[in-house]
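**Student:** kindly generate the corresponding structure for this input.
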Amino acid sequence: MDETGRSLRVLLWPANPALAVRLGLEQDIEVVSSPMGRPAVALVESVDGVREVREEAPECAVLVLVGSARPGLREAALAAGAAGLVLRDGPVSDLTLSLHRASRGEPVIDPALDVP
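**Tutor:** Numbering: from 1, shown residues only. Next up is the predicted model:
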């Protein structure tokens with residue numbers, strides 16, 4: 001929960017039912033279905049997704065879900081306005097921690113993805 005005692009609202013862009021279930025099992029995460037749900041953080045699957053969410057919800061921190069490191073991805077994501085990159089298949093506890101860090105304005109780069 002955030003400092004006000006509310007659940008952290010997370011947007012999955014595009015929708016990802018399996019991940020929504022995994023995150024929904026966390027006590028302090030609420031998955032919302034659109035930017036109208038006032039998410040604090042969004043998880044997207046592409047650099048274009050970063051731009052789309054930032055246009056719809058400029059106050060929302062955006063993390064890019066990736067399967068592996070690719071040259072130039074980190075720079076492209078950060079240039080598009082992402083708060084960072086996280087592993088798609090990592091432990092849900094790591095993802096939850098990353099979501100909370102991003103909601104506080106902290107940059108988040110999974111160490112496995114920290115390549116130029």
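**Student:** in a helix, E52, correct?
**Tutor:** Yes. Applying DSSP: H, G, I helix; E, B strand; the rest coil, one finds E52 inside a helix.
**Student:** on the pLDDT front, check it for me.
**Tutor:** We note a pLDDT of 95 for E52 in this prediction.
**Student:** just the one 4 residues further on next, same as before
**Tutor:** E56 carries a pLDDT score of 94 in this model.
**Student:** OK, contacts around the nearest residue to it once chain neighbours are set aside?
**Tutor:** Using C-beta to C-beta, 6 or more residues apart in numbering and skipping the chain neighbours, the partner closest in space to E56 is P35 (3.9 Å). Where C-beta positions appear, they are placed from N, C-alpha and C, glycine not excepted. P35 sits next to 11, 42, 53, 56-57, 60 when contact means C-beta atoms under 8 Å, 6 or more residues apart in numbering.
**Student:** what do you get if the cut-off is 10 Å, keeping everything else the same?
**Tutor:** Contact partners of P35, counting by C-beta atoms under 10 Å, 6 or more residues apart in numbering, are 11, 13, 42, 52-60.
**Student:** name the member of the residues you listed with the most neighbours.
**Tutor:** Neighbours here mean other C-beta atoms under 10 Å. Within the contacts of P35, the largest count is held by A42, at 28 neighbours.
**Student:** restricted to helices, list the contacts of P35.
**Tutor:** Residues of those located in helices (DSSP state H): 52-56.
**Student:** hang on, G105 packs against C60?
**Tutor:** No. Taking C-beta atoms under 10 Å as the definition, G105 is not a contact partner of C60, at 11.8 Å.
**Student:** overlap in contacts of these two?
**Tutor:** Counting by C-beta under 10 Å, 6+ apart, the contacts common to G105 and C60 are A83.
**Student:** make JSON lines from the contacts of P35 and add distance to D110 to it.
**Tutor:** Written out in JSON lines, the entries for the contacts of P35 read as follows (distance: C-beta to C-beta, whole Å):
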{"residue": "L11", "distance to D110": "19"}
{"residue": "W13", "distance to D110": "19"}
{"residue": "A42", "distance to D110": "17"}
{"residue": "E52", "distance to D110": "22"}
{"residue": "V53", "distance to D110": "19"}
{"residue": "R54", "distance to D110": "21"}
{"residue": "E55", "distance to D110": "25"}
{"residue": "E56", "distance to D110": "25"}
{"residue": "A57", "distance to D110": "23"}
{"residue": "P58", "distance to D110": "24"}
{"residue": "E59", "distance to D110": "24"}
{"residue": "C60", "distance to D110": "20"}
